[in-house]
Structure formats: structure tokens, C-alpha cells
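Asker: Sequence and predicted structure, then a few things I'm wondering about:
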Amino acid sequence: MIEVAGLRKTYGDFAAVVDSDFSVGEGEVFGIVGPNGAGKTTTLKILAGLVEPTAGEARVAGYDSTEPAMRHHLGFLPEESPLYEEMTATSYLRFFADLYDVPRPVANERIEDALDRLELDHRDRRLGDVSKGMKRKVAIARSLVNDPDVLVYDEPASGLDPVTTNSVLEFTRELRAAGKTVVFSAHNLYHVESVCDRVVIMNEGRIVARGTVDGIRERHGETTYHVYTDISPDLEAIRNDHDGSLPDATVEAVGDRFRTAVPTIDAVETVRGAAATAGGAVVDIRTREPSLEDVFLELVGRPMPGRRAGDRMDESDDATSTDRPEGRE
Amino acid sequence: MRTRLKRVLRVARWEASRASGGVDRRTVLAAVALLAIAGTVVGAGVAAGVVGLDVDRDVYRVGVDADSSYADAVEGEPALTLVPAERATLGTNADLVVHDRGAMEGVVVRATDTSKGEAAAAEFREAVEAHNERLMYAELNRTAAFPLTVTLQYASPSGPSGDDPTVGDDPTVGDDPTGDRGTGEGDVDGVDEPTSDGSMDEPTSGDGVDDRDEGAGDDEDASLGGDVDDTSADADGEESGLASDGGADGEDEDDGGFAVPSIGGEAFGAGTVGSPGSITPPFPFASLVLAFVFLVPMNFLVQAYGSSVLSERTKRRGEPLLVTPLSPVDIVAGKTLPYVAVAVAVTALIAVVVGGGPVSVLAILPVAAAFLAATFVGAVFARSFKELTFVTVAVSVLLTSYAFVPAIFTNVTPVALISPLTLVVFDLQGEAVSLGEFLFSTGPTAIAAVLLFGLGLGVYREEDLFTQKPVSRKFLDALAVRLYAVGEGVRRPPGLAARLPDRIRGLAAVAFLTACTIPFVFVAELLAVAVLFALPVTVSIPVLLVTIAFIEEVAKSLHLYAGFEREVFARTDRVALAVGLASGIGFFLAEKATAVVQAVGLTELYVGRAAFGSVAGVAGLSPLVLAALFFAPLVVHGVTTALTAVGASRNRTYYAVALALATLLHAAYNFGVLGIHG
């Protein structure tokens, strides 16, 4: 449904997107994640036909993204979506349905359906008087008035409360169930993990990882073993004795116990020995799988080469994530 | 197409409801009330004849016998109040007392020995003179009343001689056999018929017609209020009209074909009858005031329109519209349509109120379009409402000046026709407007409006609308977006590369964009003429020629600089030379095309005559010289633009230096051609 090949977008000397390639199948929810300025929003805007690529090609629903005909098959939700506040939700959605040449009876049906599914109340209240969550839902409903095949959502849950966020995420799953193709960007990696079938991780305009969430975790993440002891092991002594075999081990007090994180089973045994030497014992061992966030931090924690600093044009990647998910143990 | 129109209308309906929804009812009512009050005041003023609103009414008290002939003079002057002589006491209830002792003993006038008394005496003297002239007007035998006819011509300040032209220059000026611009050629002739409407103080509607027609060389209508010798009318009108060529003549002179009439050189005399002291310049004051009323609503309209466009940008509310099947043209058309409709409605309403006709409405529409287009560009370029305020004020002041100032000279000089408002003045004066005049007056404004909308539409896209780029960068973006890639190694937009792989298309786009600057060059040069024409020729001609050269060099090269800066063109000398030559050719052709349009379509106009006159002026030259003169501008434009293009392909500093050099080169050529023509 979406084919992106050799996509590149530059603003003067600044490269916002560099040689991006990916494809998205029908009925798939595809995530694009990355830090601020990674090129996520620019990529989505190219898919939506808002930004013309400098090089490469983006095809959406069989059309080049620059073709006006493509827009009939696309629903777009920008990260910021101010509405016409003097209109009501219903009149606002009808207006956009008219622009897509949707017959009025069909439009009314779709609007009612979308608003019902999004559990949107106050449909005849001025949009200037409704909450931010309601406005976001109206914006999502707007992306559906033309019954598009492809939905491009940029930070759909940005700034929403947890209840509304869950509602939006659940709605995204419903779209997938309805056979829609959704491309979804988010800073909140938990949202991406919980909704997306496949993801790409972007950093400084380039795709640095791609695949299913599990696949990426498997390829780029490492399992960590948490060894709980009733006494603090002497890591310095262990390192001296084992000639640097525990370079990344850390000890952290957790209640009345001590947690040592080590990367291998052999290291677990070393910790066990060190605890015994100190007169203590291992009381628990847990395996911790890497989260997407761990992979993300691992991948984007290093600078990418071949990208010059410049006057960034697209500032819409500014939102920051504050609610990172805990890793799964 | 129907679907597209439907979408545009849908956007228009939304914009109309949104705009009207943004103003509460009380504000609307207050605005309507204010408009009604203003309309009443203006209407009352107009009904009173505007000039009839005398603030100095009944200032001086004059004692005079009611049976005296001086009583009529006093009653005819609003500043004077008649006090019956038997009750008048000097210094008490009268500032001035008239003792009329009959034809034999004469009249004795006594005034109080105060400054007011002196002023009263002076006012009384003028009242008597005016009264006497009114009596002479009433005389059926006009020859007896006014035995001498003088054809009056208003001279250009730059000199009376045909060898000393006004701003610009034209070979026909020097060759003018009469050489009589501004000489006040007097054709003494008997006057044998009175007029019924001859006012001494200002021309009536009929006056205006005759004045203008005479200037156009219409023998039949050459005189007002009397028959002026046909021969003299022809000479005064026809030849003076040609001899007055100036304006962008420097341009015309240099490049062979963009003729503009001069300011102030055309005869309009014979419009008044009376004593010399009562002759005043024939400014159509009342009509001008009424014509100005047409411009007032535009200033309010652009505020609302500019705010609407900028609001879409600053709040990013316009972004979802860009994702719909509507093109930017559709969106802008839809958003603009309600304001155009309001402009039409208000203009039509004003026309009905002030007595204008369809010509007034049609003449104002391009002005309204120019207001909206300039505001649109400003709103698309501005980064904040603060900047927008500056833009809208600038637009209001500049366009109002451009429309109003030339119209002041409606009955004086044909250069007034550069303003559509002049057509309104004609319409209000009851004069017919030819199609040529209409096109000449409204054409440049309408074309400029279309081009301005095109300029703004170039950056009506996500990456320009919702960013805080400086105006200069957006301007370059707006120009560059209209260009196509030229040269190897440049980045080509994917769709574009597939459609326009040919360098020819790229060069054609350059030439076309250059040609599109012609209306703006035209307006800028006219403004330069308007500013400089009052200066002595020794100053105005050099400054004008350099100014014109600079204007043209900027027009030919700015988009080339944008093309290089935005990497549409490869930065090589070969590409620079190619695009420079293409731009020069585009300018040359557009210039010639404009001259052809003027010559073929606007023959009734002074400017059309000026164009033909220019050709006629070189009729004696050999074909080889004529061909050289015809193609020399092509060489100049090609060389200078190639020079600036090479500079533009380097960087901004090189471009500035190259532009200065090209301007000097172009100006030197202008001086050279001026020397050839003498």
C-alpha cells in the first residue's frame, strides 16, 4: 500500500530525510519512531503529499505522493491540528466531507459512525469550547470522512490524558481490523510497541533499524540478568579477579536487597561466587528482555555520520516523551 | 471542472461564514451605523456641492441700499451679510458701508479702521468683480462680453521649448514643428456663441469632455463654450499630444517600444471663459472626492482578508486543507472569492449612490483585485500579525496613492490614465471611456494582481506557509518555484524531472518569468517619472535613465539569483550565460509585445499616439539603422543579464557587484541612444 524508495528531503544544506526506504502492506500498522529532528514528521508529510521530496519516490495507494488523486485515498492527522473553532464537530466534518465530494447522506453516516466509535460527545458544541482530547478525536474523525485506504497519523496521542490515549490507541487497532493501513509516529515507544506490527527507527534523517518490534529487540537488544543478593558484592574485587569480564555490571540497592545487572549467565555465576565470598547469598535471579526503548536508546545514542548541521525547517518534532514504559522483567 | 468549481464555492461559503462569524452582531450594527452616518455626511456634502460648504459664511456685515446694484454683489457672496443702509452704522452693526450715489456721483465705500474692515473691503471688491463677471456671462452677445479668446495650455515645468523635453525624451519632441508645448499659444478668434454652462471657477462635466477631446485632437469638440478655430484646435490638441511624449520614454527611447505619455505637456485649454484672474486648473475636485470613496472600503477589506490568510498560517489551521484534493489555487480562490464579492457589492452600491455607472464598477474591480493580491502576498510572506499590519498599511498607502494621485490630473494630462480611478472620474463627469482607454488603465493593474496572486501561490505550500522564514527567503522561494532545472547535477523534484527534462523548458520558464515582470517594471518606471519629472532636465534625465536601467536589471535577474540560490540552476558559467540570455530575450520580447499591444489596440490613446509618434520619428533613418536600433536593446539586455547571472551563480556579493556593473552598462547605453536621437 505504501512504497518508499530512496527518499530524500533537503532544506538547503540540511538533510531532513536521507535515503529512506520502506514499504507498508495493506491492513498493517506501521510505526516510525525516533528522537526530535529524526525526520519522522517530514517523512509523514511526504507521504501525505504536503512536502515534495528532493529525491526518491513515495507511492501511496498506487499513486505518487505528489499526485492530487492520491489524496482521495489518504487520511492525515498532523501532530498539531487546530480546528476551526467557530464550527461544531458535525459542521466541521461535513465541510471536509464536501471537499472530498462525499455525498451528504454518506457523509452523515460516516461522521456519525466515526464520532460514535470515538465516543465523542458534544457534537453540536463549538469546537472552541471543547476539550483538547475532544478536539483530537474530531481531528481523527476528519481523517476518516473520505473513507481512506491509508491513514497517516503523526503523534495521534500527543498531549492526551491516559484514558483518551488508550481510546485513540484502541481506535487505531480497530482501523487495522477494518483493513486500513496506518502509518503511525510517536515519541512514546510504548504506544508504538502496543499498536504497531512493524516499525522503523529513525535518527538524524536515516533509518537505523527496521522490522517487527520483537525482531528489532532481538537483533539490537541484549538480555540482561538481574541477580538479587542479600549482601552487596564487591564488584571491584570481582573485576580484578576476572580480568574485566564484568565491565558493565552495576549494583543497586533495592529495599533490603542488592541487584546486580550482568549480561551473561557466566557473569551470574561470578556474582554468586562474589556474594558467597562476602558471606552472603543469591536470593533471586530474573531475566530482563530489552524494551523497544532500550533498543532505541542504544541505536540513537550515537551520532550518525554524513549529516550537516543547519537551519532546521521542520520544527514539529519538538514534543518530548515523559512517560517512558518500564522494561519487562 | 464542475467538481472543482463546487469545491471552490464550498471553501468560499466556509470563508464567508467564518469571516462573518468572527464579528459579533453589535460590532456589525455599530459598523453599519457608522457607515450610515459617514454616508449621510458625505452625501450631504456632495449635495451641497462639496465646495459649497462655506466655513466663512456671513463673516462681514455690509451696509448697502437694497436698491443699489451693489446689493446683488453682496448677496451673491456668502462671506458678506447685507445690512440695510438706513440701519447700518459703521463700527456698530456694519464692517463696511457702501454709499451708492448714482452713476454721476459714483460710490463711496467706508470701512472700519480695523483689520477686519480691511478684509471686508477686500472681500467686497472680489464680490463686485465676481458679480460683474456673472453679469457678463449672462450677456447673450458673448463677443461683447469677452472680445478676446485665449487658448490656454499648461506648460511642463521642464521648459517651454520643443528642444527641451520633459522627463524622458522622444524624437518627436524635437521634431515637433510647433514646438509649442506650454507656450500658451494664443489663437485669437471671435467668439460668437455663448455657452449655457460656462462656469468660471471650475469646469463642468461638459467642460471635461471637451478638454479631453481637444487634447486628443478632436476638432469638433475642441472648444468649450465657444467655437475655436478648427486649425488651432488641431494644432493644439493633436500635435501637443504627440509632443508631450515622455514618461517612460527613456525606456521607449532605449529599447524601442514602451512608450508612456509625459506629464503635464498636453493642452487642455479653452475650457473656461472669463477673465484671466478667474481661471483655475481644471481639477475635477467633486468627482475626485466621490471617486476616492470607492477606495475607502478596500482598506478595510484588506485588513479582514490579510488576517484570515495569516490566521490560517499562524494557527496551522490551513494544513488539513492542503491534504484535501483541493489545489492551492482552489483554496486561495475560495478564500478570496467572498472578499471579491464584497468588493463588487460595495463598489456597485457606491456607484449607485454617487451616480457612477458600470464603467466605475468595472474600473474599480482591478484595483480591488490588486489590493487583495498584494495583501495576499504580504500575508503569505509575513511572519506575524505585526508584520502583516505593516504590509496592509503599506498596501493601502501605496495603492491608494497609485490610484488617486494620477486621477487628480484627469483633465490635465493623459498620464492620469495609468490609474483606473481616472476612468471613474470620467464616468462621474459623464464622459465616455473608450475600450482602449479602459484597457490601458485597468490592464496593468489587473495583470499585476494576477501575477501577485501567482507569486503568493508559489509559496502556498506546507514548507513555506507554516515556517518562520524571513520575507526575503520566501520571496526567493516564490520565484524559484516557478523555475525549472537547468544544467547537470542540480536536484530535480522527482515529478518535475519526469515532465520537464529538457533544458529548453527551463530556459523558456526563465524568459516567461522575466516577461511577467513587465507590468511591475512599467509601474515602477512610471513612478520614477512621476517623482522626477518636476526636477530640471539636467538632473532628471540622468537620474531617470540610471533608475530605469536599475529597475530593469533587477527585474531581469532577481529570479535568476533565486534559481541559483535554490539550486534549481547548476552553478556553472555556461548555465549562467544561458539563463541570462534567456532572461534578456524574454524581457526584449515582452517589451516589444507591450508596444505592439499599445500600438494596435490603444490607438485612441495618447500613449498609442506616442508609440506611433516614436516610430514616425525614426522614419527617415535607413533600414539598417532602424534594424540596429530595433535589435540593439536585445543585445544590451542579453549582455547585461548574462553578466548579472554570472554574478548570481557565485554568491550574493558577486550578484550585487554584477548588478551594479550591469546597471551602469545599461545606463551608458541609454545615454548613447539618447545622444543619437538628440
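Answerer: Thanks, I have the structure now.
Asker: how about B:Thr375, secondary structure?
Answerer: helix (DSSP: H, G, I helix; E, B strand; the rest coil).
Asker: what sits against the residue in chain B positioned nearest to chain A?
Answerer: The minimum distance from chain B to chain A, using Cβ to the nearest Cβ, falls at B:Glu462 (4.0 Å). Quick note: C-beta positions are derived from backbone N, CA and C, even for glycine. With contacts defined as Cβ atoms under 8 Å, 6 or more residues apart in numbering or on different chains, the neighbours of B:Glu462 are A:45, A:50-51, B:319, B:322.
Asker: which residue ranges form the strands in the stretch 251-400 of chain B?
Answerer: B:260-261 (DSSP state E, counting those that start in this stretch).
Asker: Residue numbers of it in contact with chain A?
Answerer: Residues of the stretch 251-400 of chain B lying near chain A by Cβ under 8 Å from any Cβ of the partner chain: B:315-317, B:319-327.
Asker: residue ranges of the helices in chain A, please?
Answerer: For chain A, the helices defined by DSSP state H occupy A:40-47, A:89-99, A:104-117, A:132-142, A:162-177, A:189-195, A:213-220, A:235-242, A:265-277, A:292-300.
Asker: In space, what's closest to B:Ser649 - neighbours in sequence excluded?
Answerer: B:Ala576 (4.0 Å; Cβ to Cβ, 6 or more residues apart in numbering or on different chains).
Asker: How many neighbouring residues does the one you found have?
Answerer: Residues near B:Ala576, counting by other Cβ atoms under 10 Å in any protein chain shown, number 28.
Asker: what's near enough to touch it?
Answerer: So B:Ala576 contacts B:560, B:564, B:569, B:642, B:645-646, B:648-649 (Cβ under 8 Å, 6+ apart).
Asker: Narrow the residues you listed to those in helices?
Answerer: Those of the contacts of B:Ala576 lying in helices (DSSP H): B:560, B:564, B:642, B:645-646, B:648-649.
Asker: mind putting these in JSON lines, pLDDT and distance to B:Phe381 included?
Answerer: Shown next, in JSON lines, are the ones in helices among the contacts of B:Ala576 (pLDDT from 0 to 100; distance: Cβ to Cβ, whole Å):
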{"residue": "B:Leu560", "pLDDT": "92", "distance to B:Phe381": "20"}
{"residue": "B:Phe564", "pLDDT": "89", "distance to B:Phe381": "21"}
{"residue": "B:Ala642", "pLDDT": "92", "distance to B:Phe381": "30"}
{"residue": "B:Ala645", "pLDDT": "92", "distance to B:Phe381": "25"}
{"residue": "B:Val646", "pLDDT": "93", "distance to B:Phe381": "28"}
{"residue": "B:Ala648", "pLDDT": "92", "distance to B:Phe381": "21"}
{"residue": "B:Ser649", "pLDDT": "91", "distance to B:Phe381": "25"}
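Asker: for the closest residue to B:Pro320 other than its chain neighbours, what are its contacts?
Answerer: Using Cβ to Cβ, 6+ apart and skipping the chain neighbours, the partner closest in space to B:Pro320 is A:Arg142 (6.5 Å). Residues near A:Arg142 by Cβ under 8 Å, 6+ apart: A:75, A:77, A:81, A:92-93, A:96, B:320.
Asker: where's the nearest residue to A:Ala157 once chain neighbours are set aside relative to chain B, distance?
Answerer: Distances taken as Cβ to Cβ, 6+ apart place A:Thr165 nearest to A:Ala157, at 4.2 Å, with adjacent residues excluded. Shown here: A:Thr165 relative to chain B, a distance of 22 Å by Cβ to the nearest Cβ, to the nearest Å.
Asker: How is the chain divided into domains?
Answerer: Assuming you mean chain A. A:2-218, A:224-288 (automatic domain parsing).
Asker: My question was about chain B, not that one.
Answerer: B:1-53+B:284-408, B:60-138, B:171-278.
Asker: Show the buried residues in the ones in helices among the contacts of B:Ala576.
Answerer: B:560, B:564, B:642, B:645-646, B:648-649 (16 or more other Cβ atoms under 10 Å in any protein chain shown).
Asker: contacting residues for B:Ala508?
Answerer: Neighbours of B:Ala508 in contact, by Cβ under 8 Å, 6+ apart: B:Ala582.
Asker: what secondary structure does it sit in?
Answerer: helix.
Asker: Tell me the residues on the stretch 101-250 of chain A that lie near chain B, please.
Answerer: Applying Cβ under 8 Å from any Cβ, we find that the stretch 101-250 of chain A lies next to chain B at A:101, A:139, A:142.
Asker: again, 7 Å this time
Answerer: By the rule Cβ under 7 Å from any Cβ of the partner chain, the part of the stretch 101-250 of chain A lying against chain B is A:101, A:142.
Asker: ok so, going back, so which pair among the ones in helices among the contacts of B:Ala576 is furthest apart in space?
Answerer: Across those, no pair lies farther apart than B:Phe564 and B:Ala642, at 13.5 Å, counting by Cβ to Cβ.
Asker: Which parts of the stretch 201-329 of chain A are strands?
Answerer: A:206-212, A:224-229, A:250-254, A:257-262, A:282-288.
Asker: With B:Val98 as the reference, name the closest of the ones you listed.
Answerer: strand A:206-212 (101.9 Å).
Asker: can you list contacts of that closest one?
Answerer: A:18, A:20, A:22, A:197-198, A:200-202, A:216, A:220, A:295, A:299-300, A:304 (Cβ atoms under 7 Å, 6 or more residues apart in numbering or on different chains).
Asker: pLDDT check: weakest of those residues?
Answerer: Among the contacts of strand A:206-212, A:Met304 has the lowest pLDDT, at 39.
Asker: Who are the contact partners of B:Glu65?
Answerer: Just so we're on the same page, residue B:65 is Asp rather than Glu. B:71, B:85, B:100.
Asker: Quick check: closest non-adjacent residue to the first one.
Answerer: The shortest distance from B:Ala71 to any residue that is not its chain neighbour, by Cβ to Cβ, 6+ apart, is 5.1 Å, and that residue is B:Val64.
Asker: Name the residues linked to the one you found by a beta bridge.
Answerer: Following DSSP bridges, B:Val64 is listed with bridge partners B:Pro84.
Asker: Do I have it right that it meets B:Leu96?
Answerer: No. Judged on Cβ atoms under 7 Å, B:Val64 makes no contact with B:Leu96 at a distance of 8.7 Å.
Asker: show me where pLDDT drops low in the stretch 101-250 of chain A?
Answerer: Applying pLDDT under 70 to the stretch 101-250 of chain A flags residues A:221, A:237-248.
Asker: change it to 90
Answerer: A:101, A:110, A:113-137, A:144, A:155-179, A:184-228, A:230-250 (pLDDT under 90).
Asker: if we can go back for a sec, count the residues that sit near the residue nearest to B:Ala71.
Answerer: Quick note: B:Val64 (other Cβ under 10 Å) scores 28 neighbours.
Asker: show me the residues around A:Thr250 that make contact.
Answerer: A:Thr250 neighbours (Cβ under 7 Å, 6+ apart): A:Ala261.
Asker: how near is it to A:Asp256?
Answerer: Going from A:Thr250 to A:Asp256 by Cβ to Cβ, to the nearest Å gives 18 Å.
Asker: same deal with B:Leu581?
Answerer: B:Leu581 is 86 Å from A:Asp256, by Cβ to Cβ.
Asker: picking up where we left off before, which one among the contacts of B:Glu462 sits at the bottom for pLDDT?
Answerer: B:Glu319 (86).
Asker: so what's that one up against?
Answerer: Here B:Glu319 is in contact with A:78, B:462, B:466 (Cβ under 7 Å, 6+ apart).
Asker: How many residues are close by the last one?
Answerer: The criterion is other Cβ under 10 Å. On that basis, B:Phe466 has 22 neighbouring residues.
Asker: Now it. Nearest residue, chain neighbours left out?
Answerer: In this structure, B:Phe466 finds its nearest non-sequential neighbour in B:Arg316, 5.4 Å apart by Cβ to Cβ, 6+ apart.
Asker: In terms of pLDDT, where does the one you found sit?
Answerer: 83.
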